[in-house]
Structure formats: C-alpha cells, structure tokens
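[1] Could you look at this predicted model? Sequence included:
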Amino acid sequence: MSNDPPREPVAAMLIGLSPQEAEALRRRVFEIARDLGDSSQQDQFVRAVDEAIGEHRFYTGAVPSDQRGIKLARSIEKAATALARDLGALDRITASVLVQKIWLSKNAGRLREEAISLDDLDKDVKRLRLISGAASALIEGGGMTVRIDGLVRDIARGYADSFKVTPSYSRSGLFAKLIKETFRSARITPVPDESRLKSALSGMKFLDAALPRRGRKTKLNTTKSG
C-alpha cells in the first residue's frame, strides 16, 4: 500500500493565475502602483487577485483554454454525444447483453466482481450527456465567462486590504487601471468599463481604508460609489 498522502480531488482544485500570468500582472502592478504601496503590498495584491480568479474559475468553470484545449473539447463533445445517443437507442435485450459483456470483461482473471445492471448503463448515458454539455459550454464561451461583478468585488477587497485605500470606479483611477491589467493578464473578457465598476462597487464599505487614489483626472468619489 502506498504511503503517499491522499491527492486532492480534481474538482476541488482552484486554478488561479498561471506563473506567466502572475508575472505579467506583477510587472504591471509595480508600474501602476509604484506610488501606492511598497513591494510587499504589491505582492499581497497579486496574491489576492490570484485567489479571487481561482475561486471564480472554480465556481463558474471559467478556465482559460488554448486552441488545443478547444480542439479536444470539440472532439469530446462529438464522441460523448454519439456514444450517449447510441447507448440510449439500444433495445433492452441488446443492452442486457452489453451489460453482461461489460461484467465479464471486468471479471476477467478475478473470482468475483460486483454485479452491474441496466440502471448503471442508464447512469453512464446521463454522465456522457453531462460531459457533452460541459464540453459544449467550454467551446462556446472559450472557457472565459465569469461573474464579472463578483470578481471585481473580490479584487476590490484585496486592493483595500493590500494598499489600505478605497478602490474607485473612475476609469482614470489606479484601481480601474489595475482591474484592466488583471483581466488582460488572466485573459478574461469583457474588461469592465467605468459604469460596470460603479455598479459592482456600489454599496461596498471598506473599513480602515483611505479615500480613493485618483489618476490624472480629478473626480469626486465617495466610499459608497467608489
């Protein structure tokens, strides 16, 4: 018996920024926020972004996919759809024989194996349809559909915690610039505009955070609206 520690289920893994994405974002954060905080604060913000993106990719299935991944998803969708359709079309006698053959194959070289039934075959059909639907969703969305407002709010909390400054929705503000770089680094679209940021941040309260840091454009902004 192996003494290796148990592996985490794949479904429980959070997929945040890749090393390349994190490094690209870190460089841009250092450039944009050089007057906002020191290097430890900037690193803290990048870690907060990484966690926020990981959680949203997990809960929404929004994992970036390259062209090879999309090609494989198309192949999986086609194969799973065809197999589910063919298994579902079997008459009961043929299905029973297939189940028997599966049982015999599983028991080759073994003394005893748990029996399987037509219900198990029906479950396989349902599972294949789920796989087909998931692959189809990945293809259609390119793996990049996320709940933008929730992601913005999580990043805003990380911003306030890291820099002790209230995030502003102003497009000329530092937070809006960092959001833009975050979405680009993580290949998330669409990048939220000022009105989307305003909606996402509306009503949020940031304790122990200073007033928003503005860019070149002077704009009145309150904690509630920014």
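    Perfect, thanks for sending it. Numbering: from 1, shown residues only.
[2] Where is the longest helix in the chain?
    As assigned by DSSP state H, the longest helix anywhere in the chain is helix 118-141.
[3] Tell me which residues of stretch 191-201 come out buried.
    192, 196-198, 200-201 (16 or more other Cβ atoms under 10 Å). For glycine as for every other residue, the C-beta is placed from the backbone atoms N, C-alpha and C.
[4] To clarify, my last question referred to stretch 182-190.
    Buried, per 16+ other Cβ under 10 Å, within stretch 182-190: 182-183, 185-186, 188.
[5] from the residues you listed, which two are the most distant?
    Taking Cβ to Cβ as the measure, these span a maximum distance of 8.8 Å, between 185 and 188.
[6] Any regions of this structure where pLDDT drops low?
    Applying pLDDT under 70 to the chain flags the ranges 1-15, 60-67, 107-115, 138, 140-146, 213-226.
[7] Now do the helices in this structure.
    Here the chain has its helices, by DSSP H, at 19-32, 39-60, 67-88, 92-106, 118-141, 148-163, 174-185, 194-201.
[8] Summarise which helices and strands the fifth one is packed against.
    For helix 118-141, the contact count by 3 or more Cβ pairs under 8 Å, 6 or more residues apart in numbering; DSSP states H and E identifies helix 67-88, helix 92-106 as packing neighbours.
[9] Export the longest helix of the chain to CSV, keeping only CA atoms.
    The C-alpha coordinates for helix 118-141 follow below in CSV (Å, rounded to 0.1, in the frame of the first residue of the first chain):
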residue,chain,number,x,y,z
LEU,A,118,-29.2,-1.7,-16.9
ASP,A,119,-29.6,1.1,-14.4
ASP,A,120,-25.8,1.5,-14.4
LEU,A,121,-25.9,1.8,-18.2
ASP,A,122,-28.5,4.5,-17.9
LYS,A,123,-26.3,6.4,-15.5
ASP,A,124,-23.5,6.2,-18.0
VAL,A,125,-25.7,7.7,-20.7
LYS,A,126,-26.6,10.6,-18.3
ARG,A,127,-23.0,11.1,-17.4
LEU,A,128,-22.0,11.2,-21.1
ARG,A,129,-24.6,13.8,-21.8
LEU,A,130,-23.3,15.9,-18.9
ILE,A,131,-19.8,15.6,-20.4
SER,A,132,-21.0,16.6,-23.8
GLY,A,133,-22.9,19.6,-22.4
ALA,A,134,-19.9,20.7,-20.4
ALA,A,135,-17.6,20.4,-23.4
SER,A,136,-20.1,22.4,-25.5
ALA,A,137,-20.2,25.2,-22.9
LEU,A,138,-16.4,25.3,-22.8
ILE,A,139,-16.3,25.7,-26.6
GLU,A,140,-19.0,28.4,-26.8
GLY,A,141,-17.5,30.5,-24.0
